[in-house]
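K.L.:
my questions are about this predicted structure, shown below with the sequence.
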Amino acid sequence: MQEYTTKSEASDFFQEVKDLFAQTSKQFQDTDKKFQDTDKKFQDTDKKFQELRTMIGQLGNRLGDFVEEMVRPAVVRLFRERGFDVRQVLREITAYDDQGQFVMEVDLLAVNTNTAFAVECKSRCSADDVSEHLDRLSNFKSCFPRYRDVQLFGAIAAMVMPDAVARYAYRKGLYVLAQSGDTIVIRNDDQFRAKEW
């Protein structure tokens, strides 16, 4: 340790140390402020991402509504052309359990006296969407006992229907409805045999 010969030298040294502590303290305060500013920016960015997610969700809902509105009138025409006298199309029918908890929702239900078509509508259909609809159809009559005595068929409709997904749905006994130009068509051929649930 350095020895100081005069009181003045010692005082100068302690002043330098004091100044260094003051500078260090100021730097820590500046750094802390920068961290706080960065944290606020992260919070602002996170808030903007949440808002964006909400907007995308709302857009997805609107797109889903658009698809349903395109498919709804087409369902009547298409199934009548196949010999089913569809008289009513119900939109977004929902089932709840005894505790009032949501169980399932069907986008469109086309019905006449003794036949019903549960239609799932998607903007872009995937194999998972088809599998989920098959599960929905398996549970439909227990969730909607009013329709337990009807012939129940399933259909999947989409604006974008990849060929592999359409083949999968076809093989599982579903009607495949897809956009073709400015209209909706059934892509199932004359050899198709619909599965009844």
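P.N.:
Thanks, I have the structure now.
K.L.:
so where does residue 149 fall, helix or strand?
P.N.:
Using DSSP states H and E, residue 149 falls within no helix or strand.
K.L.:
residue 79 too?
P.N.:
helix 7-81.
K.L.:
quick check: next helix or strand after that helix?
P.N.:
Sequence order places strand 88-96 as the next helix or strand after helix 7-81, per DSSP H and E.
K.L.:
if you count contacts, what does whatever helix or strand comes next after that next one end up packed against?
P.N.:
For strand 88-96, the following helix or strand on the C-terminal side (DSSP H and E) is strand 102-111. Here strand 102-111 touches helix 7-81, strand 88-96, strand 115-124, helix 127-143, going by 3 or more C-beta pairs under 8 Å, 6 or more residues apart in numbering; DSSP states H and E. Yep, even glycine has a C-beta here, placed from its N, CA and C like the rest.
K.L.:
any idea how far stretch 111-131 is from the middle of the chain?
P.N.:
17 Å (C-alpha atoms, centre = their mean, to the nearest Å).
K.L.:
so for it, mean pLDDT?
P.N.:
If you average the pLDDT over stretch 111-131, you get 94.
K.L.:
count of residues packed around residue 92?
P.N.:
13 (other C-beta atoms under 10 Å).
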